[in-house]
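[1] Predicted model, plus sequence, below.
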Amino acid sequence: MFHRGDRGRQDKAGRVNRVSVRKVAMFKDKSILLGVSGGIAAYKAAELVRLLVKAGATVRVVMTANAAQFVTPLTFQALSSNPVGLDLFSLESESQIGHIHQARLADLVILAPATANLVAKMAAGIADDYLTTILLATTAPVLVCPAMNVKMWEHPATQRNVETLAGLGYAICSPASGSLACREEGTGRLADLADITEAAARLITPPGLSGKRVLVSAGPTWEPLDPVRFLSNPSSGKMGYALARVAARRSARVHLVSGPCSLEAPPGVELTSVTTALEMQAAIRALAPQMDAIVMAAAVSDYRPSETAPQKRKKGDASEVLRLEANPDILAELGKSKPPAQVLAGFAAETENLVENAREKLVAKNLDFIVANDLMKNGSGFGTDTNEVKILERDGKITALPRLTKEEVAAEVWDRVQRLFSDGSR
Ligand code: C5P
């Protein structure tokens with residue numbers, strides 16, 4: 001997903017190497033063929049084209065004749081800036097054996113919506129129009145996103161056909177449940193577009209973490225003062241969730257231990273939700289020994305109230321003194337009991353002496369590397385979508401990254417984890 005520029009030389013003296021990371025969108029340089037078949041969800045495919053184009057893809061749309069009854073080819077042509085394929089015997093497309101050409105061009109094929117009819121034809125290997133002909137001719141990965149009425153979805157023939165497709169190696173992005181266009185309730189809605197793009201990203205991302213189990217912690221912890229108040233910090237969880245998403249894209253088995261936040265765990269990621277630092281410690285302790293890598297991105301509260309009042313504390317006249325006690329340092333504990341083969345990394349959010357403080361934590365917590373984050377910088381830290389970080393490694397190397405999205409920072413983190421796995425040191 002990333003193309004990197006000059007990484008600079010390793011600097012054993014610990015000076016900061018500024019590197020240029022060429023920021024690359026998720027589908028940059030990828031050619032995606034989007035097959036649209038004739039269901040009411042065809043209108044959602046228009047938004048999907050927009051998202052894919054925004055993420056850097058070249059999108060070519062091929063529609064079935066029925067799909068063109070729902071949305072005009074012109075819509076897709078305008079959104080993709082490419083001609084729309086419709087008819088197998090169109091003179092223009094067939095002058096270069098269009099279906100074979102299209103099949104070869106695609107790095108990835110997405111079928112959204114895939115109707116019961118399209119799924120059935122694919123399961124039987126039928127090629128009677130432009131889209132199904134391309135589907136037999138392509139060797140690119142194909143992501144099938146079915147959408148139909150709940151009864152049609154549940155019909156044993158459809159279920160058998162979907163199983164057949166999965167057995168043939170097609171990736172399936174299953175339909176979601178909810179109210180359907182036919183005014184019935186149930187499973188059959190086209191999957192969320194975010195889930196479709198995520199599944200697509202997984203199909204084109206090299207599986208660099210395949211076979212690895214990784215643990216990511218995310219979000220804040222809440223330390224209760226009474227049943228309705230707590231001590232915490234403004235961590236949004238975005239950095240930790242981006243780490244989980246990118247690791248899953250690279251085919252890791254990902255376990256996310258998350259403090260309270262409003263984000264949804266990426267599909268396929270195992271989630272343990274916790275509230276307090278003590279709960280986070282218990283969850284992580286239980287999982288840590290089986291992990292190949294652990295990245296602690298959670299903003300764990302350093303202190304908790306010594307007592308939690310059983311009822312809401314009353315407003316007093318006098319100023320109250322709040323007694324606090326220190327929470328366990330989960331990462332330091334992991335560093336002490338770290339199996340030799342395990343990669344361990346943390347984050348250091350600082351408001352001053354960024355590098356010095358981060359280096360101290362790297363050593364004290366026995367980490368392989370630490371991601372230092374200057375909270376005083378614009379576009380960095382809590383709640384933002386971007387981060388400007390320095391990565392400090394054990395050998396003294398410090399890499400200063402430009403401002404990147406949290407997903408791009410996550411990619412840098414996993415690149416380092418992968419390097420440690422492959423450098424023979426574990
Ligand atoms: O709070 P501090 O700056 O020391 O945090 C550095 C790293 O230690 C972070 O990765 C954080 O997740 C972790 N940490 C922890 N338990 C704590 C405090 C911090 O695991 N009680």
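    Great, that's in hand. Numbers count the residues shown, from 1 in each chain.
[2] mind listing the helices for the stretch 201-350 of the chain?
    With DSSP state H, counting those that start in this stretch, the ranges of helices along the stretch 201-350 of the chain come out as 238-249, 277-287, 330-336.
[3] got TSV for these, with mean neighbour count, mean pLDDT and distance to the ligand too?
    Glycine gets a C-beta too; all of them are placed from N, C-alpha and C. TSV is the format used below for these (neighbours: other CB atoms under 10 Å; pLDDT from 0 to 100; distance: least, CB to the nearest ligand atom, whole Å):
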stretch	mean neighbour count	mean pLDDT	distance to the ligand
helix 238-249	27	97	9
helix 277-287	18	98	6
helix 330-336	19	98	3
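[4] now those as CSV including distance to Thr72?
    Formatted as CSV, the helices of the stretch 201-350 of the chain follow (distance: least, CB to CB, whole Å):
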stretch, distance to Thr72
helix 238-249, 34
helix 277-287, 51
helix 330-336, 56
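[5] Nearest spatial neighbour of Leu135, chain-adjacent residues omitted?
    Met122 (6.0 Å; CB to CB, 6 or more residues apart in numbering).
[6] Not counting its own residues, what contacts the one helix or strand that neighbour maps to?
    In this structure, Met122 is located in helix 116-124 according to DSSP states H and E. For helix 116-124, contacts defined as CB atoms under 8 Å, 6 or more residues apart in numbering pick out 35, 37-38, 64, 66, 111, 114, 128, 131-132, 135, 144, 146, 148, 152-153, 155, 157-158, 160-162, 164-165, 168, 170.
[7] let's go with 7 Å and repeat that
    Contact with helix 116-124 is made by 37, 64, 111, 132, 135, 144, 146, 148, 152, 158, 161-162, 164-165, as judged by CB atoms under 7 Å, 6 or more residues apart in numbering.
[8] could you give the mean pLDDT of stretch 154-169?
    The predicted model assigns stretch 154-169 a mean pLDDT of 98.
[9] Please apply the same query to stretch 51-70.
    Stretch 51-70 comes out with an average pLDDT of 96.
[10] Please apply the same query to stretch 197-213.
    On average, the pLDDT along stretch 197-213 is 96.
[11] Check which residues of that stretch are buried.
    Using 16 or more other CB atoms under 10 Å as the burial criterion, the residues of stretch 197-213 that qualify are 197-205, 208-209, 212-213.
[12] Rebuild the residues you listed as a markdown table, extending it with distance to Pro175.
    Conversion of these to a markdown table gives the following (distance: CB to CB, whole Å):
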| residue | distance to Pro175 |
| --- | --- |
| Thr197 | 16 |
| Glu198 | 15 |
| Ala199 | 13 |
| Ala200 | 16 |
| Ala201 | 19 |
| Arg202 | 18 |
| Leu203 | 18 |
| Ile204 | 22 |
| Thr205 | 24 |
| Gly208 | 30 |
| Leu209 | 28 |
| Lys212 | 30 |
| Arg213 | 30 |
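[13] In strands, which of these fall?
    Residues of the buried residues of stretch 197-213 located in strands (DSSP state E): Arg213.
[14] thinking again about what came up before, reformat the contacts of helix 116-124 into JSON lines and put neighbour count and distance to Ala242 next to each item.
    Putting the contacts of helix 116-124 into JSON lines (neighbours: other CB atoms under 10 Å; distance: CB to CB, whole Å) gives the following:
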{"residue": "Ser37", "neighbour count": "30", "distance to Ala242": "33"}
{"residue": "Thr64", "neighbour count": "23", "distance to Ala242": "37"}
{"residue": "Leu111", "neighbour count": "28", "distance to Ala242": "28"}
{"residue": "Thr132", "neighbour count": "23", "distance to Ala242": "38"}
{"residue": "Leu135", "neighbour count": "26", "distance to Ala242": "33"}
{"residue": "Val144", "neighbour count": "24", "distance to Ala242": "27"}
{"residue": "Pro146", "neighbour count": "30", "distance to Ala242": "29"}
{"residue": "Met148", "neighbour count": "29", "distance to Ala242": "33"}
{"residue": "Met152", "neighbour count": "18", "distance to Ala242": "37"}
{"residue": "Thr158", "neighbour count": "21", "distance to Ala242": "36"}
{"residue": "Asn161", "neighbour count": "21", "distance to Ala242": "36"}
{"residue": "Val162", "neighbour count": "23", "distance to Ala242": "31"}
{"residue": "Thr164", "neighbour count": "16", "distance to Ala242": "36"}
{"residue": "Leu165", "neighbour count": "21", "distance to Ala242": "31"}
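[15] with these in mind, which one is nearest to Ile100?
    Leu135 (12.1 Å; CB to CB).
[16] Helix or strand for that closest one, just tell me which one.
    Taking DSSP H and E as the criterion, the element that holds Leu135 is helix 130-137.
[17] Okay, angle between whatever helix or strand comes next after that helix and helix 130-137 too, please.
    Going down the chain from helix 130-137, the next helix or strand is strand 142-146, by DSSP H and E. Interaxial angle, strand 142-146 versus helix 130-137 (axes from the mean of the first three to the mean of the last three CA atoms, to 10 degrees): 140 degrees.
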